[in-house]
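**Student:** Task: produce atomic coordinates for the following.
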Amino acid sequence: MNSELRQDLVSGDWIVVAPGRAWRPNFFVKNKSKRKPDLIKGCPFEHPQFSKNGKPDLIYPNHQDWVVQVFPNKYPAVIQKKKNIRAGVSKHGPYSIFPGVGYHDLVVTRDHYKNFPRLSRDKANLVFRAFQDRYLVLSDHDYIDYVSILHNWGPTAGASVFHPHYQIISIPMVPPDINHSLTGSARYFKSHRKCVHCVMIDLELKEKKRIIFENEKAVAFAPFVSRGPFEVRVFPKSHLPYFENTYDEDMESVVEALQYSLRSLEKNLGDPDYNFFIHTSPIKDKEKYRHYHWHIEITPVISIRGGFEWGTGIDINVIDPDNAAKILRV
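**Tutor:** Next up is the predicted model:
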């Protein structure tokens, strides 16, 4: 196919699909050698509390036989609000400043060598149960507006420790990227009286060619407007605005689709580093966001942004999403 400019249905942002550039030497940054795990000895998450991590806020199924536990990050991006910290915006000249308050948690699984796609289905479901349970606790704090749930796999994706772990960062604002997504979703709903994400899902289910995995309750596909090579999105098929209120059957289906997609990346792309993160509605003003549809985005770290991307904000994707899905379906 020839190069195309494509506009995202939600954000309104444009990207370039330029598949003719994919075979330039060194365009993709892959791990050429097999991934080398850190040694168990000295791993801070092998026995978390022996390594001076905090007491677990949540632990499953129990302390002795734990599989998943949630505890505070020793090196948090935000800190818990204290009485001497004044809430609200202050000014430094023309700049706005807000206290960096919130919670920064780690969700750690026990097995040093099994990352998320290699976990048993039951253990993977338990990770997402921990996400939901901790989300509900954090949402009770009146100064928290948004809870971000994410996973960095590999050093180029931001992981400083090999042992599989996930992060939950709660902050007193709605992040810009989420705001753009919410605004675009609301705009589409106002014009068409339909959820924009449901419309996207319906198109993918109809055309089939960008579908990577599908079960009764969830679907994973390469978005028609993919910002980077082999980007994947995982949605519950039902219109669900709120991650924390998702029923077990829907959540377990999403987990199955997520695991399949990540195993496919590992198998077909040489185990690349990647990030995945959850986009969901903010904590407050729930009725305001009924138009939204929570989902998971997977972004492999396999290409390098150049000057055009940085200078214009227009990403260049060198793989046609149709072909990306075809590769990942295998």
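**Student:** For the nearest residue to Gly102 once chain neighbours are set aside, the count of nearby residues, please.
**Tutor:** For Gly102, ignoring the flanking residues on the chain, the nearest one in space by C-beta to C-beta, 6 or more residues apart in numbering is Val78 at 3.7 Å. Heads up, the C-betas are built off the backbone N, CA and C, glycines and all. The number of residues packed near Val78 is 17, by other C-beta atoms under 10 Å.
**Student:** which residues of the stretch 51-200 of the chain fall in strands?
**Tutor:** 58-60, 68-72, 90-92, 95-97, 103-109, 146-153, 165-171 (DSSP state E, counting those that start in this stretch).
**Student:** Of the ones you listed, which shows the lowest average pLDDT?
**Tutor:** Comparing mean pLDDT across the strands of the stretch 51-200 of the chain, the weakest is strand 90-92, with a mean of 85.
**Student:** Note down every partner strand of that one and its orientation.
**Tutor:** strand 95-97 (antiparallel) (DSSP bridges).
**Student:** which residues are contacting the partner strand?
**Tutor:** Under the contact criterion C-beta atoms under 8 Å, 6 or more residues apart in numbering, strand 95-97 has outside partners 89-91.
**Student:** Likewise for stretch 213-225?
**Tutor:** Applying C-beta under 8 Å, 6+ apart, the contact partners of stretch 213-225 are 6-9, 15, 200-201, 203-205, 210-212, 230-238, 249-250, 252-254, 256-258, 260-261, 264, 321-322, 324-325, 328-329.
**Student:** quick one, helices of this structure?
**Tutor:** Here the chain has its helices, by DSSP state H, at 121-138, 176-192, 196-207, 248-268, 307-312, 321-329.
**Student:** Identify each buried residue in the last one, please.
**Tutor:** Spelled out, it's helix 321-329. Across helix 321-329, burial judged by 16 or more other C-beta atoms under 10 Å covers 321, 323-325, 327-329.
**Student:** tell me which of those is nearest to Tyr113?
**Tutor:** Comparing the buried residues of helix 321-329 against Tyr113 with C-beta to C-beta places Leu328 closest, at 23.6 Å.
**Student:** still on that earlier bit, redo the strands of the stretch 51-200 of the chain as JSON lines? Include mean neighbour count.
**Tutor:** As requested, the strands of the stretch 51-200 of the chain are exported to JSON lines (neighbours: other C-beta atoms under 10 Å):
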{"stretch": "strand 58-60", "mean neighbour count": "17"}
{"stretch": "strand 68-72", "mean neighbour count": "20"}
{"stretch": "strand 90-92", "mean neighbour count": "8"}
{"stretch": "strand 95-97", "mean neighbour count": "8"}
{"stretch": "strand 103-109", "mean neighbour count": "23"}
{"stretch": "strand 146-153", "mean neighbour count": "22"}
{"stretch": "strand 165-171", "mean neighbour count": "21"}
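**Student:** of all these, which lies closest to Tyr289?
**Tutor:** Closest to Tyr289 of those is strand 146-153 (C-beta to C-beta; 11.3 Å).
**Student:** Partner strands of that closest one, with direction?
**Tutor:** Its sheet considered, strand 146-153 pairs with strand 165-171 (antiparallel), strand 274-279 (antiparallel) by DSSP bridges.
**Student:** Nearest approach to Trp153 belongs to which of those?
**Tutor:** So among the strands paired with strand 146-153, strand 274-279 is nearest, using C-beta to C-beta, at 5.3 Å.
**Student:** just how off-centre is that closest one within its chain?
**Tutor:** Centroid separation for strand 274-279 versus its chain: 1 Å, with C-alpha atoms, centre = their mean, to the nearest Å.
**Student:** Just tell me which of the helices of the chain ends up closest to Val161.
**Tutor:** Here helix 121-138 is closest among the helices of the chain (C-beta to C-beta), at 16.5 Å.
**Student:** on that earlier part again, rebuild the helices of the chain as JSON lines, extending it with distance to Pro72.
**Tutor:** Below are the helices of the chain laid out as JSON lines (distance: least, C-beta to C-beta, whole Å):
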{"stretch": "helix 121-138", "distance to Pro72": "11"}
{"stretch": "helix 176-192", "distance to Pro72": "23"}
{"stretch": "helix 196-207", "distance to Pro72": "33"}
{"stretch": "helix 248-268", "distance to Pro72": "25"}
{"stretch": "helix 307-312", "distance to Pro72": "35"}
{"stretch": "helix 321-329", "distance to Pro72": "36"}
